[in-house]
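In: what's the 3D shape of this:
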Amino acid sequence: MSGRLTVVTYTGRRSGRSFSTPVAYQRAADVVTITVAMPERKLWWRNFTGEGWQIALDLDGSDRTGHGVARVDGKGRVTITVRLDEPPAANGR
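Out: Numbering: from 1, shown residues only. I've put the predicted structure just below:
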C-alpha cells in the first residue's frame, strides 16, 4: 500500500491497556484507510472487528481520533476504515 506512515494508538478491548503501532495509511477527507500487512501474523487489528473501536492517530502533526472498523475480505486481507471525529476547535473557537 502506498501512502503515508503514522502511529495509531488504541486501547485493547480485553486488556484495557494502551498500545501504539506504526501503520501505512491513505486518507480521503475524513476517512483514513489502513491496510494491515500480514494480518495472519498480527493480533492488534482484531480490536476493530464487529462494531469497531476508538482509535487515535497523528495526521499532519495533529492528534486525531476516530472510529475504526476492520473488514476481512475473501482472501484474508484486512482493511481498517477510520472515520475521523471532528477536529478540536482551535483557540477555544
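In: strands of the chain, residue ranges please.
Out: Per DSSP state E, the chain carries strands over the ranges 4-11, 18-28, 31-36, 53-59, 62-72, 78-84.
In: please name the nearest non-neighbouring residue to W44.
Out: Excluding the flanking residues, the one nearest W44 by C-beta to C-beta, 6 or more residues apart in numbering is T21, at 5.6 Å. Where you see a C-beta, it was placed from the backbone N, CA and C, and this is true even at glycine.
In: name all residues that make contact with L59.
Out: Contacts for L59 (C-beta atoms under 8 Å, 6 or more residues apart in numbering) come out as T6, R27, V32, L84.
In: so what pLDDT did the last one get?
Out: Meaning L84. In this model, L84 is scored at 97, pLDDT.
In: now do the third one
Out: Turning to V32, the model gives it a pLDDT of 97.
In: spit out the contact partners of it.
Out: Contact analysis of V32 by C-beta under 8 Å, 6+ apart lists Y25, Q26, L57, L59, G66, T81, V82, L84.
In: and it, how far from S20?
Out: Computed as C-beta to C-beta, to the nearest Å, the V32 to S20 distance reads 16 Å.
In: for the residue nearest to W44, give its distance to L43.
Out: Applying C-beta to C-beta, the value for T21 to L43 is 10 Å.
In: ok, those two, which is more surrounded?
Out: T21 (13 against 8; other C-beta atoms under 10 Å).
In: please name the bridge partners of the more buried one.
Out: V8 (DSSP bridges).
In: cool, S62 as well?
Out: In this entry, S62 is beta-bridged to L59, by DSSP bridges.
In: wait, it sits on L84?
Out: No: contact criterion C-beta atoms under 8 Å: S62 and L84 do not qualify, at 10.5 Å.
In: where are the low-confidence patches of this protein?
Out: 1-3, 90-93 (pLDDT under 70).
In: returning to what we had before: compare the contacts of L59 and tell me which is most surrounded.
Out: For the contacts of L59, the largest number of neighbours (other C-beta under 10 Å) sits with V32, at 25 neighbours.
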